[in-house]
Each structure stands twice: as structure tokens, then as C-alpha cells.
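A.B. asks: Fold the stuff below for me.
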Amino acid sequence: MQTPYSTLHIVLVEPEIPPNTGSIARLCGATDTVLDLIHPLGFATDNKHLKRAGLDYWPHVQINHWENLDTFLQAQDENKLYFLTTKSKNIYTSAQFNPGDKFIFGKETKGLPEDILSLYSDRCLTIPMHNPNIRSLNLAMAAGIVLYEALRQISR
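C.D. replies: Next comes the predicted model:
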């Protein structure tokens, strides 16, 4: 069943930690959000930790696999892309989200490539963190924060 939210996408660029991807897949299933996985992945998709984190919800998640980030980007409308990073001053709540938007998250250990952040600097968003001792949030938590803000805005 299509919902107004079903055109939202969470995009994971070369994810490395299976439980994060599994948790995000579960989030996508619960919200009818598409999950895009940009290869290479840091794990096999049959990984037991990945399956455990997604529980028995995998059949209810629409997943697109992309060969690499360039292939994914070439197929997109860049006005629908948002890049999440700690290296931006633009707070995610300042953006106006719409159906069809895609929220792109980098790999857990490195984030998104610097050249991509530079190229799309006007499309970069951050989740504020007030404690300077904390470098970043867990990937699954960050995806949930941004996705539910988009759902809130769209459902108004």
C-alpha cells in the first residue's frame, strides 16, 4: 500500500555495521520508507546480525541496491537530496521536506566523502549536538530523527 510517505528514502552509503542497517530497515518498514543501500557494503546481506536487527520484517521493506555512490547520484534529482553530516551548520529542522526526498548518510567510521559534501554544501544538514566531547550520533538514531521530522512536516 502506498502512503504519502512511501516516496521518502533513507540512503546508506557503504554501511559497515549490520545492526545499524537492520535497525534502519525496520524503521523504513514501519514508515513505508524506501531503503537505498550504496555498495560496497561492509557485510553480507545474509549476516545474522543484520537479520536479527530487522527481525522478521525484511519482506516488508523496499530495498534498492546501488553499485556505487556515483551511479546513485546520477539517477537522482539533486533537489530531492539531503546529505546528513556533522560538518554543516544547517540544522535539519530548518529544511522544508517533501515527498520524494532522500536522506543520505555516510559510513559509520568516515561519514560522507569530502568531495560530495563540498559539491552539495547547500544540501547538507546536521543534527545539533551540544556536548563537544561527542563526535556523532549512532547512524540508526540519526536516521530516525531526520525521518520522523520529515514525516511530521509532510503530514501537516
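
A.B. asks: In contact with the nearest residue to residue 124 once chain neighbours are set aside: list those residues for me.
C.D. replies: Closest residue in space to residue 124, ignoring its immediate chain neighbours: residue 88 at 3.9 Å, by Cβ to Cβ, 6 or more residues apart in numbering. (Each C-beta comes from the backbone N, C-alpha and C, glycine too.) Residues in contact with residue 88 (Cβ atoms under 8 Å, 6 or more residues apart in numbering) are 117, 121, 124, 125, 126.

A.B. asks: between those residues, which is closest to residue 95?
C.D. replies: residue 125 (5.9 Å; Cβ to Cβ).

A.B. asks: Neighbouring strands - and their directions - for the helix or strand hosting that closest one?
C.D. replies: Using DSSP states H and E, residue 125 sits within strand 124-125. If you go by DSSP bridges, strand 124-125 pairs up with strand 81-84 (parallel).

A.B. asks: Now do the helices in the protein.
C.D. replies: Secondary structure of the chain by DSSP state H: the helices cover 18-31, 48-54, 69-74, 114-119, 139-154.
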